[in-house]
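**Student:** Provide a 3D model corresponding to the input given below.
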Amino acid sequence: MITLHHLRIGRSIFTVWLLEELGVDYELKVYHRDPKTMRALDDLKQIHPLGKSPVIDDDGLIVSESGAITSYLLEKFDQDNKFSPSRADLKQWGTFTRWLHYPEGSVFTPLLIRMLLMRSGQPHEFLQGFSDKEIALHMNHIAEQLAGNEFILGDTFSAADIGISYMISMARRLGVSADYPTLEAYLDRNQSRPAWISAIERAVE
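**Tutor:** Coordinates of the predicted model:
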């Protein structure tokens, strides 16, 4: 059985969402952050030396990194290609893979900078200017991809939408998504899915 080590208030909720979409039987082990530093406590380091989440344990195989976990779970459980295209169509699969890894590979950093600046309460003109421009660049890029589409790759929900939703939800929490109604509607649409609702109910209870 898959065991997901889930750190509260973080990205691992989106791995819970994927497992719910896949209909996989899994065990959820919940960890909490230090209320002062908002970092993981040492108990998570017993699973992975970095003390980061998500991490899955599949009968002794430890897999970390959100994108790697997603790829692993799809390879093992998405045999009908419900949430990812078949590798037989290399062009379609390549497009999917690009959008699957785009959120954390490109979008996350400027959002993280914005979050850290807000938490610090200290002005930093260079970092603020960098994050503002990069966030606008990526929000517009995602909105252009969604133009006329219900989901990131067209009319069908895929695992790539989970990572993109994570970025838009983070942008919403940071107050930078309100100017992008396409993205707001996209996030609301995705978070009305039964699997997302089940993930929230299970992970934050």
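
**Student:** hang on, residue 54 packs against residue 67?
**Tutor:** No - judged on CB atoms under 8 Å, residue 54 makes no contact with residue 67 at a distance of 10.7 Å. Bear in mind the C-beta positions are built from the backbone N, C-alpha and C, glycine included.

**Student:** burial count for the nearest residue to residue 204 once chain neighbours are set aside?
**Tutor:** Spatial nearest neighbour of residue 204, excluding adjacent residues (CB to CB, 6 or more residues apart in numbering): residue 8 at 7.3 Å. Counted with other CB atoms under 10 Å, residues neighbouring residue 8 total 14.

**Student:** Look up how far residue 48 lies from residue 8.
**Tutor:** Going from residue 8 to residue 48 by CB to CB, to the nearest Å gives 16 Å.

**Student:** Could you do residue 94 as well?
**Tutor:** Residue 94 is 30 Å from residue 48, by CB to CB.

**Student:** which one of the two has more residues nearby?
**Tutor:** Taking neighbours as other CB under 10 Å, residue 94 and residue 48 compare with residue 48 leading, 17 against 11.

**Student:** show me where this structure has helices.
**Tutor:** All helices of the chain, identified by DSSP state H, fall at 13-22, 66-77, 90-102, 108-120, 125-146, 160-173, 181-190, 194-203.

**Student:** will you turn those helices into TSV that also has distance to residue 43?
**Tutor:** Below are these laid out as TSV (distance: least, CB to CB, whole Å):
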stretch	distance to residue 43
helix 13-22	18
helix 66-77	20
helix 90-102	29
helix 108-120	24
helix 125-146	32
helix 160-173	24
helix 181-190	31
helix 194-203	17
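
**Student:** mind putting those helices in JSON lines, distance to residue 33 and mean pLDDT included?
**Tutor:** Listed next are these as JSON lines, based on distance: least, CB to CB, whole Å; pLDDT from 0 to 100:
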{"stretch": "helix 13-22", "distance to residue 33": "13", "mean pLDDT": "96"}
{"stretch": "helix 66-77", "distance to residue 33": "18", "mean pLDDT": "96"}
{"stretch": "helix 90-102", "distance to residue 33": "26", "mean pLDDT": "96"}
{"stretch": "helix 108-120", "distance to residue 33": "13", "mean pLDDT": "94"}
{"stretch": "helix 125-146", "distance to residue 33": "23", "mean pLDDT": "97"}
{"stretch": "helix 160-173", "distance to residue 33": "16", "mean pLDDT": "97"}
{"stretch": "helix 181-190", "distance to residue 33": "24", "mean pLDDT": "97"}
{"stretch": "helix 194-203", "distance to residue 33": "14", "mean pLDDT": "93"}
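
**Student:** Out of these, which is closest to residue 30?
**Tutor:** Proximity to residue 30 (CB to CB) singles out helix 194-203 among these, at 7.3 Å.

**Student:** Which one of the helices of the chain lies nearest to residue 3?
**Tutor:** helix 13-22 (10.7 Å).

**Student:** what residues does the closest one touch?
**Tutor:** 2, 4, 6, 26, 28, 54, 56, 66, 69-70, 73, 77-78, 83, 159, 162-163, 165-166, 193, 195-196, 198-200, 202-204 (CB atoms under 8 Å, 6 or more residues apart in numbering).

**Student:** Check the gap between residue 198 and residue 191 for me.
**Tutor:** In terms of CB to CB, residue 198 sits 12 Å off from residue 191.
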